[in-house]
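Chemist: The sequence and its predicted three-dimensional model are supplied below.
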Amino acid sequence: MTVKAVWTDFGGVLTPPLSVTFNAFCTKTGLDPAPLMAATMKVTARYGTDDIMLPLDTPLVSEDEWLAQVRAVLREEHGVEADIDNFAAAWFGDRPANQDWLDRLRELRESGLFVGLISNMPPAWDQHWRRMVDPVGLFDEVLLSFEVGFRKPDRRMFDLAVQRTGIAAEHSVFVDDLPKNCDGARAAGWHVIQFTDTESAVERLAALLGPDIEGEAT
């Protein structure tokens, strides 16, 4: 098996896990995590899902409208007045990037491998993630859910990656922290690494790449 392309997820791989970022956001804004999560889940259910990000990153709703709904539930059901108008700025503010994984991706690209990003991303977050991780010179291709109209784990996302690059699924590796997204890539014929930490992801990727590419990149 010859690996020609390595694709990475953004949130939870190039950033800390969602739970860590959520708790940091609550600390920064002074909001109690429990009612905020309850309000968020209630609004999420209105869109027929329990996936918090799905309404935002396809998108089914604008971030401003989504925030207005969350604020209303917090006020009406929890007695909480929340100032979360600048949600994206607060969410990304001081959010650290996974520098070790970024360095590894750069090494792989310099070795001649194709390196891409596949992310379920809300349009309101586009400018923020790009300031956090500059894609120029790092990614050969970026696929974002709000731009293409569907999201992981939908097979169309992975088939589109193959179509745009001309690199077959059997020569592609996808790294993501969520099991359902890994399952989606695997069903599309990709090699998959479920990300839990950088060290183990690097080791598992090295095993897939083999000694030739590994030797060039280290």
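Modeler: Done, it's in.
Chemist: I'd like to know how many residues surround L144.
Modeler: 20 (other C-beta atoms under 10 Å). Yep, even glycine has a C-beta here, placed from its N, CA and C like the rest.
Chemist: ranges for the helices of this structure?
Modeler: Secondary structure of the chain (DSSP state H): helices at 18-29, 33-45, 54-57, 63-78, 87-92, 99-110, 126-132, 145-148, 155-165, 179-187, 198-217.
Chemist: Please name whichever of those helices is nearest to K4.
Modeler: Of all these, helix 155-165 sits nearest to K4, with 8.6 Å by C-beta to C-beta.
Chemist: helices or strands next to the closest one in the packing?
Modeler: Where contact means 3 or more C-beta pairs under 8 Å, 6 or more residues apart in numbering; DSSP states H and E, helix 155-165 is packed against strand 5-8, strand 114-119, strand 141-144, helix 145-148, strand 172-176, helix 179-187.
Chemist: Of the helices of the chain, flag the one that's most buried.
Modeler: Highest mean neighbour count among the helices of the chain (mean count of other C-beta atoms under 10 Å): helix 54-57, with a mean of 22.
Chemist: Could I get the average pLDDT for that helix?
Modeler: Averaging pLDDT along helix 54-57 yields 94.
Chemist: Would you mind writing the CA trace of it as PDB?
Modeler: This file holds the C-alpha atoms of helix 54-57, laid out as PDB (Å, rounded to 0.1, in the frame of the first residue of the first chain):
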ATOM      1  CA  LEU A  54     -24.600  20.300  12.400                       C
ATOM      2  CA  PRO A  55     -27.000  23.300  12.300                       C
ATOM      3  CA  LEU A  56     -24.100  25.700  12.000                       C
ATOM      4  CA  ASP A  57     -21.600  24.000   9.700                       C
END
